[in-house]
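Novice: Coordinates for the following, if possible.
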Amino acid sequence: MKQPLAYIHPDAKIAPTVVIEPFVSIDKNVIIGEGTRIGSNVTIMEGVRIGKNCTIFPGAVIGAIPQDLKFRGEDTLAIIGDNTTIREYVTINRGTASKGKTVVGDNCLIMAYCHVAHDCVVGNNVIISNATQLAGEVTIDDYAVIGGGSLVHQFTHIGSHVMLQGGSRVTKDVPPYVKAGRDPLAYAGVNSIGLRRRGYSNEQIRDIQDIFRYIYQMGMNTSHAIERVEAELPTSKERDEIILFVRNSPRGIIKGYFE
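Specialist: Below you'll find the model as predicted:
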């Protein structure tokens with residue numbers, strides 16, 4: 001349903017069930033899937049792909065060019081998955097030549113005034129709370145919850161099922177399954193409540209806690225702790241995910257409270 005007070009470029013591909021409210025602007029090279037609702041005063045710029053059944057609230061700007069001085073006008077994308085909600089005045093920039101696209105996955109909630117910079121990759125079922133700012137090329141894995149007003153440094157990686165305290169300044173990678181808080185940001189335990197809500201058993205949670213005892217509570221450096229985890233703890237999907245995350249972290253992971 002097109003509102004007569006909206007501007008839609010004739011080359012944009014809009015599914016017939018999309019609702020477009022007044023004063024929306026949609027540029028060329030845009031695709032929007034079935035059942036999505038675009039609120040008033042939303043600006044959707046060139047190179048945007050929006051999935052099915054999304055809701056975009058008034059004032060959001062999707063697909064603006066990157067705030068990166070290396071950007072030279074290359075053809076890049078901003079991709080939003082299905083069933084994602086983008087609240088008021090969120091800005092999501094498209095990619096650069098580095099990755100070619102900025103991605104927000106399925107079933108996400110991006111709350112008001114958040115910024116998702118160029119080449120970020122946000123997984124599925126992620127919640128990013130109000131006024132959080134993601135710098136360029138940040139990766140956030142599935143089911144992470146980012147507290148409001150957080151500042152996330154460029155190239156940082158936040159693992160799956162992380163619970164991040166509001167107002168956090170993220171300058172190191174945050175391993176999967178953990179809670180993180182304080183300033184400077186530090187490990188605060190395993191996100192056991194979130195994991196139970198998502199069907200993890202008590203045994204799985206205990207195994208994850210054992211892994212992080214090696215990493216954060218036994219006085220070893222990270223490399224030695226990971227070697228001990230690999231040698232002494234039983235193989236599991238969660239164990240292998242944590243090992244891979246830590247070994248592939250060029251920035252290094254956050255420290256424990258007492259380090």
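Novice: Quick one: the helices in the stretch 101-250 of the chain, in order.
Specialist: 192-197, 202-216, 222-232, 237-247 (DSSP state H, counting those that start in this stretch).
Novice: Can you say which of the ones you listed is nearest to residue 175?
Specialist: helix 237-247 (5.4 Å; CB to CB). From N, CA and C alone the C-beta is placed, and that goes for glycine too.
Novice: which other residues reach the next helix or strand after the closest one?
Specialist: Going down the chain from helix 237-247, the next helix or strand is strand 255-256, by DSSP states H and E. Strand 255-256 is contacted from outside by 172, 184, 186, 187, 215, 216, 217, using CB atoms under 8 Å, 6 or more residues apart in numbering.
Novice: And those residues, which is closest to residue 206?
Specialist: residue 217 (14.5 Å).
Novice: tell me the pLDDT at the closest residue in space to that closest one that isn't next to it in sequence?
Specialist: Distances taken as CB to CB, 6 or more residues apart in numbering put residue 256 closest to residue 217, at 6.9 Å, once the chain neighbours are dropped. We have a pLDDT of 91 for residue 256.
Novice: cool, residue 219 as well?
Specialist: For residue 219, the predicted pLDDT is 89.
Novice: Could you measure from it over to residue 228?
Specialist: 11 Å (CB to CB, to the nearest Å).
Novice: And these two? Which one has more around it.
Specialist: residue 228 (15 against 10; other CB atoms under 10 Å).
Novice: I'd say the more buried one and residue 211 touch.
Specialist: No - taking CB atoms under 8 Å as the definition, residue 228 is not a contact partner of residue 211, at 9.9 Å.
Novice: Enumerate the beta-bridge partners assigned to residue 174.
Specialist: residue 158 (DSSP bridges).
Novice: who touches it in this structure?
Specialist: 156, 157, 158, 159, 162, 164, 180, 185, 253, 254.
Novice: And for the closest residue to the fifth one other than its chain neighbours, the neighbour number?
Specialist: Once its chain neighbours are removed from consideration, residue 162 has its nearest residue in residue 144; the separation is 4.4 Å (CB to CB, 6+ apart). Counted by other CB under 10 Å, the residues lying close to residue 144 total 25.
Novice: Check residue 72 too.
Specialist: The burial count for residue 72: 8, using other CB under 10 Å.
Novice: Over to residue 36?
Specialist: For residue 36, using other CB under 10 Å, the count is 23.
Novice: again, but for residue 255
Specialist: There are 14 residues near residue 255, going by other CB under 10 Å.
Novice: likewise residue 202?
Specialist: For residue 202, using other CB under 10 Å, the count is 10.
Novice: How about the contacts made by it?
Specialist: residue 196 are the contacts of residue 202 under CB under 8 Å, 6+ apart.
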